[in-house]
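Trainee: 3D, please:
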Amino acid sequence: MKILIVTDAWYPQVNGVVRTLNTTRDELLKMGHIVEIVGPDRFMTVPMPTYREIRLALRPGARLARLIAAFAPDCIHIATEGPLGFAARRFCLRRRVPFTTAYHTRFPEYIRDRAPVPLALSYAVVRRFHAPSSAVMVATQSIEDALKKRGFKNIRRWTRGVDTELFHLRDKSFLSDPRPIAMYVGRVAVEKNLEAFLKLDLPGTKYIVGDGPQFNDYKQRYPQARFVGAKHGEELAQHYAAADVFVFPSRTDTFGLVLLEALASGVPVAAYPVPGPIDVIHQADIGCLDEDLGTAVRVALTKDPEACRRYALGYSWGASARQFLFNLRPFHPDAIAEQAAAQAAAEIATLHDQAAGAVLVGERAVTLHPH
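Mentor: Numbers count the residues shown, from 1 in each chain. This is a model prediction of the structure:
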């Protein structure tokens, strides 16, 4: 099929949404599909207020319509609720073309952290955006439950995966600072609640890997922490694996892809018991979720790195991409037939994934509960 993804979050942005979309595209290409991603890089842009690193497409409607017509997709997925997302939504509604959407980011909470906008109002806007969608894709059960309580419909699951070849256990000598090393990876922005981590009285060294609008401010205010900026590829993987505990202070993420990357690197997780961490960690003995983040860090430091790694191996980007594919709504007859055939083949592959996952779960049970 020819699959068009429209997103306001795209390179050079560095975040979980961009990594998810890029990896999903790669997996779909491996399956033989044709995938086009339309992001802000194809338009005139302006900086987002309060977050200049993010560029927003300026009046994208006409050009976006031409790009869609030129690509002639079999299905359209709208990834974000920004200018491009709204323009793609208008295009589809005017032409009565079905489309799917995704709820990657808890924008109402992010807006609340930056401006005095009532949650009820911002949720009403977001709910209206997603209302015509054939499928609103979410990563976790917690987010699905929360959205249903706010009146969202047509919710479908689209989980996440992790690159276990890039992220794995390594020699921790890559970082020579006093230990234990507690690490955060992600945007340095107010909505990530990063100060809850920076204010903790912890032994060892705190590492902040990432960039964002609060980078310079936090670096000046918390000189005891190591702010190393954004890292990518092999260098990012080395930083993860050199940590002793991964600290995730956010209360507003819908999943937290970095959690899986840390676990795949053999690093236990400390976080609050909120959607995202709850869904990833479950009841597994690979970290600690606690309303006292300092307690979560101290408990997580006692967990087995090998158990963290085994747990992460149960997440597959291939299975994630197949979920995404199943949720799409083709509008060309030939594409619908092709999707049905692809789904039948993918279901067989999913059974293999589930069988492999069951083996991993069994191994974890034996390891964590030997008696």
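Trainee: could you give the mean pLDDT of the helix or strand where residue 55 lies?
Mentor: Per DSSP states H and E: residue 55 is located in strand 51-57. For strand 51-57, the mean pLDDT works out to 84.
Trainee: So what are the sheet partners of that strand and their directions?
Mentor: Looking at strand 51-57 with DSSP bridges, its partner strands are strand 45-48 (antiparallel).
Trainee: I would like the residues contacting the partner strand, please.
Mentor: 53-58 (CB atoms under 8 Å, 6 or more residues apart in numbering). Placement of C-beta: from N, CA and C, glycine included.
Trainee: if we go to 6 Å?
Mentor: With contact meaning CB atoms under 6 Å, 6 or more residues apart in numbering, strand 45-48 is reached by 54-58.
Trainee: picking up where we left off before, how about residues contacting the strand holding residue 55?
Mentor: By CB under 6 Å, 6+ apart, strand 51-57 touches 40, 43, 45-46, 48, 83-84, 213.
Trainee: Pass me the low-pLDDT residue ranges in the chain, would you?
Mentor: 107, 110, 113-114, 333-371 (pLDDT under 70).
Trainee: what's the domain layout of it?
Mentor: According to automatic domain parsing, the chain comprises the domains 2-161+317-350, 172-312.
Trainee: thinking again about what came up before, tell me the two of the contacts of strand 51-57 that are most distant?
Mentor: Pairwise distances across the contacts of strand 51-57 (CB to CB) peak at 22.0 Å, for the pair 43 and 213.
Trainee: Can you give me the buried ones in the strand holding residue 55?
Mentor: 51, 54-57 (16 or more other CB atoms under 10 Å).
Trainee: Could you export those as TSV, including distance to residue 185?
Mentor: Listed next are these as TSV, based on distance: CB to CB, whole Å:
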residue	distance to residue 185
51	18
54	18
55	23
56	25
57	28
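Trainee: between those residues, which is closest to residue 162?
Mentor: Checking the buried residues of strand 51-57 one by one against residue 162 (CB to CB), the nearest turns out to be residue 54, at 24.7 Å.
Trainee: In contact with residue 320, which residues?
Mentor: 159-161.
Trainee: Residue 328 now?
Mentor: 75, 100.
Trainee: Please work out which residues outside stretch 18-35 touch it.
Mentor: 1-3, 7, 9-10, 317-318, 321, 324.
Trainee: Out of those residues, which sit inside helices?
Mentor: Residues of the contacts of stretch 18-35 located in helices (DSSP state H): 317-318, 321, 324.
Trainee: Who does residue 75 form a beta bridge with?
Mentor: residue 3.
Trainee: Surely it and residue 332 touch.
Mentor: No - Residue 75 is beyond contact range of residue 332, at 8.3 Å (criterion: CB atoms under 6 Å).
Trainee: Give me the more crowded residue out of those two.
Mentor: residue 75 (25 against 15; other CB atoms under 10 Å).
Trainee: That one: what's it in contact with?
Mentor: Contacts here follow CB under 6 Å, 6+ apart; on that basis residue 75 touches 3, 328-330.
Trainee: Farthest pair within the residues you listed?
Mentor: The widest separation within the contacts of residue 75 (CB to CB) is 11.1 Å, between 3 and 329.
Trainee: neighbour-wise, which of these two wins?
Mentor: Just comparing residue 3 and residue 329: by other CB under 10 Å the higher neighbour count belongs to residue 3, 24 against 18.
Trainee: Now for the more buried one: which residues touch it?
Mentor: Counted by CB under 6 Å, 6+ apart, residue 3 has contacts 33, 35, 75.
Trainee: before we move on, what about residue 274?
Mentor: So residue 274 contacts residue 251 (CB under 6 Å, 6+ apart).
Trainee: now it: how far from residue 250?
Mentor: 8 Å (CB to CB, to the nearest Å).
Trainee: Kindly report the same for residue 222.
Mentor: From residue 222 to residue 250 the distance is 17 Å (CB to CB).
Trainee: which of the two has more neighbours?
Mentor: residue 250 (24 against 17).
Trainee: Let me know how buried the nearest residue to the more buried one once chain neighbours are set aside is, in neighbour terms.
Mentor: Ranked by CB to CB, 6 or more residues apart in numbering and with sequence neighbours excluded, the top spatial neighbour of residue 250 is residue 192, at 4.9 Å. If you count neighbours by other CB under 10 Å, residue 192 ends up with 23.
Trainee: and if you look at residue 306?
Mentor: Per other CB under 10 Å, the neighbour tally for residue 306 reads 11.
Trainee: Return the residues in contact with it.
Mentor: Contacts of residue 306 (CB under 6 Å, 6+ apart): none.
Trainee: repeat for residue 271
Mentor: For residue 271, the contacting residues are 248, 277, 289, by CB under 6 Å, 6+ apart.
Trainee: Tell me the bridge partners for it.
Mentor: residue 248, residue 289.
Trainee: measure it to residue 314 for me?
Mentor: 19 Å.
Trainee: again, but for residue 92
Mentor: 36 Å.
Trainee: try residue 257
Mentor: 15 Å.
Trainee: just residue 227 next, same as before
Mentor: Residue 227 is 33 Å from residue 314, by CB to CB.
Trainee: Go through the contacts of stretch 18-35 and name the one nearest residue 108.
Mentor: residue 9 (16.8 Å).
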